[in-house]
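>>> Predicted model and sequence follow; I will ask about them next.
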Amino acid sequence: PSGTVGEEGLSELDLSGRWLVPAFIDSHVHLAYLPEAKAMLDGGIAGAVDLAAPVSALAADPGALRLLNAGPMVTAVGGYPTQSWGRNGYGLEVADALEATAAVTTLAEAGARVIKSPVDGSGGLDDAQLAAIAETAHQHNLKLAVHALGTEDSLRAARAGADVLAHTPTVGLTAATTEAWAPRAVITTLAAFGGGATTVANLAALHAQGATVLYGTDFGNTRSPGISGDELRLMGDAGMSSDAIIASGTSTPASFWGMDELGSISVGKAASWLVLQTDPRQDIGTLTQPEAVWIDGQPR
């Protein structure tokens, strides 16, 4: 069968009494940590954004998984994560704004589809470097994701032109910070940080302010390759409706990241969906236990 909805040759399916939801997009994974692209597809994840890996990962073949890869984080000399878990190629160090510009250009030319930088406030990137990274990323039509867990770091990143928080911050956000992120995006990753009350409250504040919310699990650090029940539950705790949660893993990231074939079940889109026994608007947890998963017109 064909892999696109509406194309001649796609098998006719009788799914009476079942519910169809587009396959999900996980906006924060680390496949270099845990190379389980096949298991992600089997669990209903059709697309993903890999937010930190060595340069060699830019040439990796994820199979049927639609994958946007950042490659290494652009970071300060000796900055996060080069002195800890990322010492083996997960960071690209820059000493000044000129080197920051060159690093982003190098990654873009090597195939990066998004740029990631840490903003940690202690000997990390300065404002000129952050602005240069954001500006150069945008010149290459790439978004800048930032690892920023505190309110001041998150505010600095927004003012520098960053597009998306790679995690929901874990330190309480001020009103000024949530307002600065209102026209921007945040990736949830609530369960990856233990689902603490402050983190959940931060997502609630960002969502209420109008920030774009993207479902993400930090897979690689977390271990479940399918749709995470813990993440869905915590998003609900943050005040998100079932419709908003479903959108955060389907239509919203498809639009935000430019994964145009995913995100909806409609003519011309990839035939990638979950077959569910229960209406997910009534029971969001049913997303974690699909009766069947189809990717590109093929059952898994």
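The structure has been received and is ready for your questions. Numbers count the residues shown, from 1 in each chain.
>>> Could you give the number of residues near Gln282?
The criterion is other Cβ atoms under 10 Å. On that basis, Gln282 has 9 neighbouring residues. C-beta here means a position set from N, CA and C on the backbone, and glycine is covered the same way.
>>> cool, and Gly226?
Residues near Gly226, counting by other Cβ under 10 Å, number 22.
>>> Check Asp296 too.
Taking other Cβ under 10 Å as the criterion, the count of residues near Asp296 is 17.
>>> what about it, distance to Leu144?
Using Cβ to Cβ, to the nearest Å, one gets 30 Å for the distance from Asp296 to Leu144.
>>> And for Ala238?
For Ala238, the distance to Leu144 - Cβ to Cβ - is 24 Å.
>>> nearest residue to Arg223 other than its sequence neighbours?
If you skip the residues right next to it in sequence, Arg223 has Leu34 as its closest partner in space, 7.1 Å away by Cβ to Cβ, 6 or more residues apart in numbering.
>>> Check His138 too.
Ranked by Cβ to Cβ, 6+ apart and with sequence neighbours excluded, the top spatial neighbour of His138 is Gly161, at 7.1 Å.
>>> Verify the contact between Thr168 and Ala185 for me.
No. Between Thr168 and Ala185 no contact is recorded; they are 11.1 Å apart, counting by Cβ atoms under 8 Å.
>>> The two: which is more packed in?
More neighbours surround Thr168 than the other of Thr168 and Ala185, with 31 against 21 (other Cβ under 10 Å).
>>> what's the helix or strand for that one?
Secondary structure from DSSP states H and E places Thr168 outside every helix and strand.
>>> Quick check: the gap between it and Leu214.
10 Å.
>>> which residues do these two both contact?
Residues touching both Thr168 and Leu214 comprise 186-188, with contact defined as Cβ atoms under 8 Å, 6 or more residues apart in numbering.
>>> By neighbour count, which of the residues you listed wins?
Ranked by the number of neighbours (other Cβ under 10 Å), the shared contacts of Thr168 and Leu214 place Thr188 first, at 32 neighbours.
>>> Who are the contact partners of that residue?
Taking Cβ under 8 Å, 6+ apart, we find Thr188 in contact with 168, 203, 213-217, 231, 234-235, 248.
>>> Any idea how far the worst-scoring helix or strand of the chain on mean pLDDT is from the middle of the chain?
Ranking every helix and strand in the chain by mean pLDDT, DSSP states H and E puts strand 298-299 at the bottom, with a mean of 92. Distance, stretch centre to chain centre, for strand 298-299: 24 Å (Cα atoms, centre = their mean, to the nearest Å).
>>> go on, stretch 216-232?
The gap between where stretch 216-232 is centred and where its chain is centred comes out at 11 Å by Cα atoms, centre = their mean.
>>> ok, and what's touching that stretch?
Residues from elsewhere that reach stretch 216-232, judged by Cβ under 8 Å, 6+ apart: 24, 26-34, 36, 39-40, 42-45, 48-49, 166-167, 187-192, 195, 215, 245, 249, 284-285, 287-288.
>>> average pLDDT for it?
Model confidence over stretch 216-232, given as mean pLDDT, is 97.
>>> What are the buried residues along that stretch?
Within stretch 216-232, the residues that qualify as buried by neighbour count (16 or more other Cβ atoms under 10 Å) are 216-220, 222, 224-232.
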